[in-house]
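1. Build me a structure from this.
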Amino acid sequence: MRKFLSIVLAAAMISAFFVTTAFADGTLEEIIAAYTADSFTDGESELAVTKNLLLNSNFGSGVTASWSSSNSDIIAPDGTVTRDLTEKKTVTMTLTLSKNGEENVSKDFTYTILPLTA
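-> Numbers count the residues shown, from 1 in each chain. All right, here's what the predicted structure looks like:
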């Protein structure tokens, strides 16, 4: 089991290296166009969020990432989710990238947060 986990961890590290390298080599427009909010755990999707989001902030050397929320009471900029007791909520998270402090590009991701009770 330990060997299996080591292999999985190594594969994840290699994958992260190649993704970060690919991001660093592209323009901000290419980076943000290629980025999909792979921020879910346990089979969730942007249409059915019940847990905190895993928001990427590492896009390579010289690239600064920041997240903002249309409703930080429901999803904080760090991805922390606070579910409403009875109502489904829709929140837009905006990813903004800048490279070497010069240009900025942004992309919106819309999430539906399910209520605690149906």
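
2. so what does whatever helix or strand Ser98 lives in touch, helix or strand wise?
-> Using DSSP states H and E, Ser98 maps to strand 89-99. Applying 3 or more Cβ pairs under 8 Å, 6 or more residues apart in numbering; DSSP states H and E, we find strand 89-99 packed against helix 28-34, strand 63-69, strand 103-113. Every C-beta, even on glycine, is put in place using the N, C-alpha and C of the backbone.

3. Please tell me how far stretch 27-39 is from the chain's geometric centre.
-> Its chain's C-alpha centre and that of stretch 27-39 lie 10 Å apart, by Cα atoms, centre = their mean, to the nearest Å.

4. Flag the shaky bits of the chain, pLDDT-wise.
-> The chain contains residues with pLDDT under 70 at 1-25, 37-43, 118.

5. returning to what we had before: export the strand holding Ser98 as CSV, just CAs?
-> Provided in CSV are the C-alpha atoms of strand 89-99 (Å, rounded to 0.1, in the frame of the first residue of the first chain):
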residue,chain,number,x,y,z
LYS,A,89,-27.2,29.6,-4.0
THR,A,90,-25.4,30.5,-7.2
VAL,A,91,-22.0,32.2,-6.8
THR,A,92,-19.5,33.4,-9.4
MET,A,93,-15.8,33.1,-8.6
THR,A,94,-13.5,35.2,-10.7
LEU,A,95,-9.9,34.2,-11.3
THR,A,96,-7.6,37.0,-12.1
LEU,A,97,-4.0,36.4,-13.4
SER,A,98,-1.2,38.9,-13.8
LYS,A,99,2.3,38.2,-15.1
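
6. Need the helices and strands packed on strand 89-99 in a markdown table (columns: distance to Asp84).
-> Below are the helices and strands packed on strand 89-99 laid out as a markdown table (distance: least, Cβ to Cβ, whole Å):
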| stretch | distance to Asp84 |
| --- | --- |
| helix 28-34 | 30 |
| strand 63-69 | 15 |
| strand 103-113 | 7 |
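
7. Tell me which of those sits nearest to Thr86.
-> In terms of Cβ to Cβ, the element of those nearest to Thr86 is strand 103-113, at 12.2 Å.

8. Pretty sure Ile32 sits against Lys107.
-> Yes - using Cβ atoms under 8 Å, Ile32 makes contact with Lys107 at a distance of 4.7 Å.

9. Fine by me, we can end here.
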